[in-house]
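In: Structural data only, the sequence is not supplied:
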Ligand code: FES
């Protein structure tokens, strides 16, 4: 009952052009039926994400480990709440990040879980920069 | 108890079969001669009620499956087509959807009955465990069935519930992928759920056979909890139990019919009339009511894995009940303390159910934790402890003694039920206001609708005027894609003739093709065509309307609602109030105000609306006085337009409502007469047994 060949084939990598996304905005693309948030973070958001004491987080991870170096302004995360799979809303909640409407989990501007029942940070999908304004997800 | 039967059919053909397959003897010894304790009360008719419900679900389900399409793009539409176009499709669908809820109502009564009278105790442990297995299978079946209409709640319910398995350490993710057949809930998921939803009821039927078999080996428990000893303690199953069960089933059917014909959407969720959208999570994900207590337990534990374990544990613990409660006395009738704790436990379950439907914040979370502890404490502390310290009252020697002793002292389950309900009620009166205030919009005012109540009918004039308002105003942005022009001439609709509907259709240009040359072309509409949508696709609709696609209006009055809150949802059951949707739609149409109140900020490109959740609506004020001319002299005011177009949209959402209500009345008359007949027959049959 695992995914069939066509489902797997449809899950091949996709390319996304980042140039239209202004600072402070984000877009949602679908890859493998999952929403992927690509946000162009502001300076403030990056600083906030880097200022926290990593050891105090429920799922400790530095912001540096969640973005590609040289492209710190881009946060790419799978927009599926790690609690029970709802889609968090961007730019909501107390941490300048994401807020899940289902059971109230809150994620910060690095997509890390800060409050609520979700156990883990929003996962970062496999991706790389093919040029400065284009990424390949998958 | 049911030993080999000495039953011999008198018909030679049947004798021939009987010698080769003693099936008639088996039937006779199980359902005719079978000795049943003579002191059984009406709580014991729920076994028959459950069998009836299972039969009903399988029968309606098989027919529905003939018309349903299990495909993510077509499922939602195919369900709507069943309701609109299949002969009596609305009846089948209501029977099946309401039937699932009724099945759970009956199973909960049946289980609490078993709990109260100690029906799980030696020698009925296996019987009880088989029952728990049936219950689990029912939950799985019910859950997968709820996914099939592929509405928003279907989709997100499926997402949340399948994700429960991701809590399993190490292999969780792969289990979930296996369940989905993909990387998220999607078409493969829907297909396999359909397959399993069709299979599981037959598995249930198989386990039910085992359940009945085990019942017939151990014999039925009874309200006094003493085993039958002599002939005098029992009566033959037929006619005594048969007729009593028939009466019980008929009474239950009255409740069932109440929902089917008068409030089919009372138990459902308005969000499920919005097609599934993987990109948007509804603000409140609520499972079907029968899972709510377990959902409350899940949410009250702040750790994911622990929450999932607690939720499943809450069900699995039932399997161990026969050993947790080691008291010798079966029936709580003779256990003064156990009886009180039982009722407390019932209240705990009801309150957990209530909490499961509330947003997980503030007081609700705390209450959920307390009640979760109470739930487990009942099984793990109270019952084992009571078995040791409680001094039960003396049990009668035999069933016939108990029957003789029972003169005026009718047992009090009814009284206790009333007490429990009153208690549950008073506990939550305080929380209504907070629940209401948090919605961020005003409660729509109630209206007088011609279609409300058990004899409600659409006002033809309002339908015709509403159609005009839709055509001249709403249609420029909103589609009406489930309505065909032919529907305008159908019984229970706006009352146009076939010719009028055809003329109406021919005003529209419909895209058709390809023709012989392979080109698409336009032609005048025919009665079989559907109302064309103003935009070619959702993206175009979104782009043309500042990012918010105007929703299709065919189902809008059923897809929108507002929270009624406690205690209104209880009164609604009796008053048959079903008009949240129309009230909301009419209120939004009239709720635009130029002056934005203090403290509310409306973003650029949005408008202030009193009744819209969050107040900021993308739709500009659509109606103003005198905008549409009426030929019948009705006032051309916004209030009148709103009322007419809402009536029209109620009809588009429920085109068969008049047929439903009038058939409902006939069914009720029949059922009441039939129940009366059954009651007096039962009295006659039991006359010399009491
Ligand atoms: S699914 Fe996001 S908090 Fe539960």
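Out: Happy to help now that I have it. Quantities reported herein were computed from a predicted structural model and do not represent experimental measurements.
In: Can you tell me the number of residues neighbouring the residue of the stretch 201-350 of chain B found nearest chain A?
Out: Nearest residue of the stretch 201-350 of chain B to chain A: residue B:281, at 4.3 Å (C-beta to the nearest C-beta). Yep, even glycine has a C-beta here, placed from its N, CA and C like the rest. Close neighbours of residue B:281, defined as other C-beta atoms under 10 Å in any protein chain shown, add up to 25.
In: Helix or strand for it, just tell me which one.
Out: According to DSSP states H and E, residue B:281 maps onto no helix or strand at all.
In: so it touches residue A:101, yeah?
Out: Yes. Using C-beta atoms under 8 Å, residue B:281 is in contact with residue A:101, at 5.9 Å.
In: hey, what's in contact with both of these two?
Out: residue A:86 (C-beta atoms under 8 Å, 6 or more residues apart in numbering or on different chains).
In: Can you get me a residue count around the closest residue to residue B:286 other than its chain neighbours?
Out: Nearest residue to residue B:286 in three dimensions, chain neighbours excluded: residue B:357, at 5.4 Å (C-beta to C-beta, 6 or more residues apart in numbering or on different chains). By the criterion of other C-beta under 10 Å, residue B:357 has 19 neighbours.
In: for chain B, where's the lowest mean pLDDT among helices and strands?
Out: When the helices and strands of chain B are compared on mean pLDDT, DSSP states H and E, helix B:432-437 comes out lowest with a mean of 39.
In: which intervals of the chain have sub-threshold pLDDT?
Out: I'll assume chain A. In the predicted model of chain A, no residue satisfies pLDDT under 70.
In: wait, I meant chain B there
Out: Residue ranges of chain B with pLDDT under 70: B:1-5, B:406-440, B:690.
In: helix or strand for the residue of it found nearest the ligand, which one?
Out: For chain B, the residue closest to the ligand is residue B:160, as judged by C-beta to the nearest ligand atom, at 6.4 Å. Secondary structure from DSSP H and E places residue B:160 in helix B:152-163.
In: So is the longest helix seen in chain B next to chain A?
Out: Determined from DSSP state H, the single longest helix within chain B is helix B:187-218. Yes. Judged by C-beta under 8 Å from any C-beta of the partner chain, helix B:187-218 comes into contact with chain A through B:188, B:192.
In: If I take that helix and helix B:152-163, what angle do their directions form?
Out: Interaxial angle of helix B:187-218 relative to helix B:152-163 (axes from the mean of the first three to the mean of the last three C-alpha atoms, to 10 degrees): 70 degrees.
In: Spatially central residue in the chain, please.
Out: All of this refers to chain A. Of all residues in chain A, the one closest to the mean position by C-alpha atoms, centre = their mean is residue A:77, 1.9 Å from it.
In: oops, I was thinking of chain B
Out: Geometric middle of chain B (C-alpha atoms, centre = their mean) lands on residue B:101, at 3.9 Å.
In: same for the longest helix of chain B, what does it pack against?
Out: helix B:46-67, helix B:125-147, helix B:152-163, helix B:172-180 (3 or more C-beta pairs under 8 Å, 6 or more residues apart in numbering or on different chains; DSSP states H and E).
In: Can you give me the buried ones in that helix?
Out: For helix B:187-218, a neighbour-count test (16 or more other C-beta atoms under 10 Å in any protein chain shown) marks B:187-190, B:192-194, B:197-198, B:200-201, B:204, B:208, B:211-212, B:214-216, B:218 as buried.
In: how big is the angle separating that helix from helix B:46-67?
Out: Going by the same axes, to 10 degrees, helix B:187-218 makes 150 degrees with helix B:46-67.
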